[in-house]
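Peer 1: Model the structure of this input:
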Amino acid sequence: MPKAIADFLILDTIRASRGTAVAASDEEMLEAPREIGHLEGIFVAPEGGACYAALKKLRGNGQIQPEESVVLFNTGSGLKYLECFAR
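Peer 2: Modelled structure (predicted):
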């Protein structure tokens, strides 16, 4: 996203919590909702897809272990973005 709302607050929180940030490409953001829909039957928005893509990267590089519990928040429906998913 070009500029997040309250981006400085987000960055401060990441630093204070010793967290991390992960980038997701446009392709990953659009593929993840398809995968989530196939696995869970939920049509998530691209931003929810970005969270899932980031989780997969963090698990892949060992920053999150398979036995750890993770909560992903989806803030919108893929129905708002149908033009993004048309092929």
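
Peer 1: where does this protein dip in pLDDT?
Peer 2: Filtered on pLDDT under 70, the chain yields the residue ranges 1-4, 87.

Peer 1: Leaving out the residues flanking it, which one is nearest to the one residue sitting closest to the centre of the chain?
Peer 2: Taking CA atoms, centre = their mean, the centroid of the chain lies closest to C51, which sits 1.3 Å from it. Closest residue to C51 in three dimensions, ignoring its sequence neighbours and counting by CB to CB, 6 or more residues apart in numbering: L72, at 4.5 Å. (Each C-beta comes from the backbone N, C-alpha and C, glycine too.)

Peer 1: Name the helix or strand for the one you found, please.
Peer 2: Under the criterion DSSP states H and E, no helix or strand holds L72.

Peer 1: Got phi/psi on K57?
Peer 2: Per-residue torsions, K57: phi -70, psi -40 (degrees, to the nearest 10).

Peer 1: quick one: contacts for it?
Peer 2: By CB atoms under 8 Å, 6 or more residues apart in numbering, K57 lies in contact with V22, A24.

Peer 1: rerun that using 6 Å as the cut-off
Peer 2: Neighbour list for K57: V22 [criterion: CB atoms under 6 Å, 6 or more residues apart in numbering].
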